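[1] got a predicted structure here, sequence first:
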Amino acid sequence: MDTSYNQNLARDPPFHETYKTLISNSMDEESRLKITLKNDLVIVEECELLPLIDLSPLFLDDIDELQKEGCKEEIARAAHEWGFFQVVNHGISRDILENMREEQVKVFKQPFETKLLNFSAGSYRWGTPNSATSIRQLSWSEAFHIPSSALSPSSSSLQQFATEVASLAQELAEILAEKIMGHKSSTYFQENCLPSTCYLRLNRYPPCPIASQIFGLMPHTDSDFLTILHQDQVGGLQLEKDGKWVAVKPNPEALIINIGDLFQAWSNGYYKSVQHCVVTNPTKERFSAAYFLCPSCETVIESCSKPSIY
Ligand SMILES: O=C(O)CCC(=O)C(=O)O
Ligand SMILES: [Fe+2]
């Protein structure tokens, strides 16, 4: 066995050992039924259609109002029709993104035992809680879940990323609110989504030897207002569109935005919180970082129009 393999073993969570029974049961089941994950919903080719929005009109001073409004309209339309979109010229520099990723890789390179020390504090998780009864309920990934306010200056590139991405999230949320309320909105998101309630999730998806059968991250919707995601170039993110899984093609210049359950409720169903998942890769590890715009538990969320469907 070579050294790099040993190093990987030391840092990877013990998926195989822990889920031995579920994995071997599923192997038997697969050979009997010839099923794979991909049979659940039809997969279309990597999606070129996912809206890609140039945000530069929002940040340029010498741009006319019409162009700004056009950009805001595009954002609202994508949130309504897809619940997911990509943005370029988002104002977060390549340096900040690269430094954040470098720091993220270091955090995950720690030995598994060291990462586990954060487990009880709730900031580290791997796999899926013991409740899984089938291999399809497992996630082949590990993650750090960090409230923005807990980022220490020693993790300055993570902090810098969180600060920049937080202000982009606020800006997008205000635009979405403005478009649905029909007037410039207030400071609602600034007041209710504070650094202590918003958080950063760093995800790592180790290569998976049984990639066709197991999710990297099970299908779910996000429960926040909106999420901003930065993924690497490996790919694996899929979202549900018209009853199909659509693969999101990585774009090195883009950040991915998705609407969460709270915005869906707040907008009375106008903006869509869409199911998404991550599929595993047999040979490559994958990293992503997500910022979740969340209010405090006391915030009352009411639909902005009546009759409310929630
Ligand atoms: O890793 C990804 O691409 C998606 C992550 C995600 O959906 C999440 O952390 O909620
Ligand atoms: Fe998600």
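    Nice, thanks for sending it over. Note that this is a predicted model, so its numbers are computed, not measured. Numbering: from 1, shown residues only. Ligands and ions are numbered 1, 2, ... in the order given.
[2] Leu22 versus the closest residue to ligand 1 within the stretch 101-250 of the chain, what's the distance?
    Proximity of the stretch 101-250 of the chain to ligand 1 (Cβ to the nearest ligand atom) peaks at Leu237, 3.8 Å away. No exception for glycine: its C-beta is placed from N, CA and C like everyone else's. To Leu22, Leu237 is 24 Å away according to Cβ to Cβ, to the nearest Å.
[3] what about these two, which has more around it?
    The residue with more neighbours, out of Leu237 and Leu22, is Leu237; 23 against 18, by other Cβ atoms under 10 Å.
[4] specify the beta-bridge partners of the residue of the stretch 101-250 of the chain closest to ligand 1.
    Per DSSP bridges, residues listed as beta-bridge partners of Leu237: Val278.
[5] surely it is in contact with Phe287?
    No - applying Cβ atoms under 8 Å as the test, Leu237 and Phe287 come out as separate, 11.9 Å apart.
[6] what is in contact with the two at once?
    Common neighbours of Leu237 and Phe287 (criterion: Cβ atoms under 8 Å, 6 or more residues apart in numbering): Gln231.
[7] can you pull the contacts of the residue of the stretch 101-250 of the chain closest to ligand 1?
    By Cβ under 8 Å, 6+ apart, Leu237 lies in contact with 229, 231, 247-248, 256, 276-278, 288.
[8] where's the dip in pLDDT among these?
    Here the lowest pLDDT out of those sits on Ala247, with 91.
[9] separation between that one and Ile256?
    Ala247 sits 12 Å away from Ile256, going by Cβ to Cβ.
[10] and the two? Which one has more around it.
    For Ala247 versus Ile256, neighbours defined as other Cβ under 10 Å are more numerous around Ile256 (22 against 17).
[11] ok, the more buried one touching Leu229?
    Yes - look at Ile256 against Leu229 with Cβ under 8 Å: they come within range, at 4.3 Å.
[12] just the buried positions in stretch 207-220, please.
    Of the residues in stretch 207-220, 207-208, 210-211, 213-219 count as buried by neighbour count, 16 or more other Cβ atoms under 10 Å.
[13] moving C-terminal from the helix or strand of the chain with the lowest mean pLDDT, which element do we reach first?
    Ranked by mean pLDDT, DSSP states H and E, the weakest helix or strand in the chain is strand 43-47, scoring a mean of 57. Going down the chain from strand 43-47, the next helix or strand is strand 52-54, by DSSP states H and E.
[14] so after that next one, what's the next helix or strand?
    Sequence-wise, the next helix or strand downstream of strand 52-54 (DSSP H and E) is helix 56-59.
[15] and the helix or strand containing Leu217, what does it pack against?
    Here Leu217, judged by DSSP H and E, is contained in strand 215-220. For strand 215-220, the contact count by 3 or more Cβ pairs under 8 Å, 6 or more residues apart in numbering; DSSP states H and E identifies strand 199-205, strand 276-279 as packing neighbours.
[16] which strands or helices does whichever helix or strand comes after that strand pack on?
    Counting by DSSP H and E, the next helix or strand C-terminal to strand 215-220 is strand 226-231. Packed against strand 226-231 by the contact rule (3+ Cβ pairs under 8 Å, 6+ apart) you find helix 94-109, helix 156-181, strand 255-259, strand 286-293.
[17] using CSV, list the CA coordinates for strand 226-231.
    Provided in CSV are the C-alpha atoms of strand 226-231 (Å, rounded to 0.1, in the frame of the first residue of the first chain):
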residue,chain,number,x,y,z
LEU,A,226,-31.0,31.5,0.1
THR,A,227,-27.7,29.6,-0.4
ILE,A,228,-24.5,30.7,-2.2
LEU,A,229,-22.4,27.8,-3.3
HIS,A,230,-18.8,27.7,-4.6
GLN,A,231,-18.0,24.3,-6.1
